[in-house]
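1. Mind folding the following:
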Amino acid sequence: MGMPTDDATFEDRRGRRLAARYERPSDRDPAATVLLAHCFTCGKDLKGLVRLSRTLTELGFGVLRLDFAGLGESEGDMGEQGIGGDAEALIDAAAWLSERGDPPALLIGHSAGGLAALSAAPEIASLRAVATIGSPADPEHLTQTVDDRTVSGDDGDDGDDGSRTVQIGPRTLRLPASFFSDLASRDMQGCLNRIEVPLLIAHGPDDEIVGIDQAERLFAMATHPKSFLSLGKAAHLLPREADARFVAYAVGGWALGVMEQDGGA
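-> Just a heads-up that it's a prediction; the model follows:
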């Protein structure tokens with residue numbers, strides 16, 4: 001029997017309709033609700049995140065994963081408000097869940113979604129734990145990733161408005177200047193200092209997109225209580241089912257333990 005899945009939309013503070021999917025256990029009420037933030041350009045239907053979400057439901061969680069603006073089925077332009085805009089979307093999604101009676105207790109951010117999750121976490125009062133998966137410590141890491149994929153020529157990075165055309169896999173994207181100004185102004189140390197719930201940093205030593213040095217920096221920047229989880233040989237996008245399920249069981253088990261220690265899930 002498959003788990004119940006609701007397709008949903010909610011309106012963010014900028015009036016855009018953002019698309020989401022909410023999955024929950026088929027045989028019980030959720031022990032807690034998870035809000036899951038996807039990686040740069042990925043979307044809610046990335047295979048690794050779908051497997052991660054569905055394995056979390058096996059552990060008893062309800063899981064909401066959403067498309068950030070301009071991606072998947074959501075309205076808006078990708079990158080217009082940068083990581084700050086994605087953080088706002090997570091805060092708005094948390095408010096929408098709370099209005100439904102399902103306030104998120106665990107926030108998980110994958111890759112660049114981790115930057116958004118860490119930025120949003122201090123503003124979501126219902127959280128009892130936060131986790132990142134393969135996330136950078138420094139927004140400038142994402143800037144460098146974009147720099148490495150900037151397309152040269154008439155449609156590339158030589159415009160007067162500061163926007164750039166980048167090639168991400170098979171996709172060609174135009175990122176506005178506001179995307180880069182947001183990255184440059186983002187104070188991740190300040191965000192980490194304001195997170196008052198346990199933080200888990202999960203990262204693969206062989207991650208080919210975000211190096212393990214970023215996890216080391218992130219762990220050093222974070223305040224206690226904090227934990228680190230090695231993902232072994234897992235690739236960045238968790239394409240192997242075994243890796244996605246391992247991450248879900250490890251992160252989910254850690255979160256359930258945190259909640260029990262804190263007074264019950």
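2. For Phe179, give its distance to Ser163.
-> 8 Å (Cβ to Cβ, to the nearest Å). Bear in mind the C-beta positions are built from the backbone N, C-alpha and C, glycine included.
3. quick one: which of the two has more around it?
-> Each of Phe179 and Ser163 has its neighbours counted (other Cβ atoms under 10 Å); Phe179 has more, 25 against 17.
4. So that one is in contact with Glu80, correct?
-> Yes. Counting by Cβ atoms under 8 Å, Phe179 does reach Glu80; the two are 7.2 Å apart.
5. Lys57: which element?
-> You called it Lys, but residue 57 is Thr. Using DSSP states H and E, Thr57 sits in helix 47-58.
6. now for that helix, which elements pack on it?
-> Judged by 3 or more Cβ pairs under 8 Å, 6 or more residues apart in numbering; DSSP states H and E, helix 47-58 is in contact with strand 17-23, strand 32-37, strand 61-66, helix 241-261.
7. What strands line up against the third one, and which way round?
-> This means strand 61-66. Here strand 61-66 has these sheet partners by DSSP bridges: strand 17-23 (antiparallel), strand 32-37 (parallel).
8. so how far is whichever helix or strand comes after it off the chain centroid?
-> Next along the chain after strand 61-66, taking DSSP H and E as the criterion, comes helix 82-99. Its chain's C-alpha centre and that of helix 82-99 lie 11 Å apart, by Cα atoms, centre = their mean, to the nearest Å.
9. Who are the packing partners of helix 82-99?
-> So helix 82-99, by 3+ Cβ pairs under 8 Å, 6+ apart, packs with strand 5-11, strand 17-23, strand 32-37, strand 61-66, strand 104-110, helix 112-120, helix 177-185.
10. Which one of those lies nearest to Glu260?
-> Among the helices and strands packed on helix 82-99, the nearest to Glu260 by Cβ to Cβ is strand 32-37 (10.6 Å).
11. State the mean pLDDT of the closest one.
-> Averaged across strand 32-37, the pLDDT comes to 97.
12. which other residues reach that strand?
-> Strand 32-37 has contacts (Cβ atoms under 8 Å, 6 or more residues apart in numbering) with 44, 49, 52-53, 56, 60-66, 68, 86, 90, 93-94, 97, 102-110, 113-114, 116-117, 124, 128, 255-256, 259, 265.
13. Now do the buried residues in that strand.
-> By 16 or more other Cβ atoms under 10 Å, the buried positions in strand 32-37 come out as Ala32, Thr33, Val34, Leu35, Leu36, Ala37.
14. start to end distance for stretch 11-19?
-> Start-to-end span of stretch 11-19 (Cα to Cα, to the nearest Å) is 9 Å.
15. ranges for the strands of the stretch 151-265 of the chain?
-> Ranges of strands in the stretch 151-265 of the chain, per DSSP state E, counting those that start in this stretch, are 164-168, 171-175, 199-203, 226-230.
16. now stretch 101-121, how far from the centre of its chain.
-> Centroid separation for stretch 101-121 versus its chain: 6 Å, with Cα atoms, centre = their mean.
17. typo on my end, stretch 257-265
-> On Cα atoms, centre = their mean, the centre of stretch 257-265 falls 23 Å from that of its chain.
18. same question for that stretch, mean pLDDT?
-> Predicted confidence along stretch 257-265 averages 83 (mean pLDDT).
19. do stretch 187-201 as well
-> Taken as a whole, stretch 187-201 carries a mean pLDDT of 97.
20. Just the buried ones out of the contacts of strand 32-37, please.
-> Using 16+ other Cβ under 10 Å as the burial test, the contacts of strand 32-37 include 44, 49, 52-53, 56, 60-66, 68, 86, 90, 93-94, 97, 102-110, 113-114, 116-117, 124, 128, 255-256, 259, 265 as buried.
21. mind checking how far Glu241 is from Gly85?
-> Counting by Cβ to Cβ, the separation of Glu241 from Gly85 is 32 Å.
22. Please identify which of the two sits among more neighbours.
-> Neighbours were counted for Glu241 and for Gly85 using other Cβ under 10 Å; Gly85 has more, 24 against 12.
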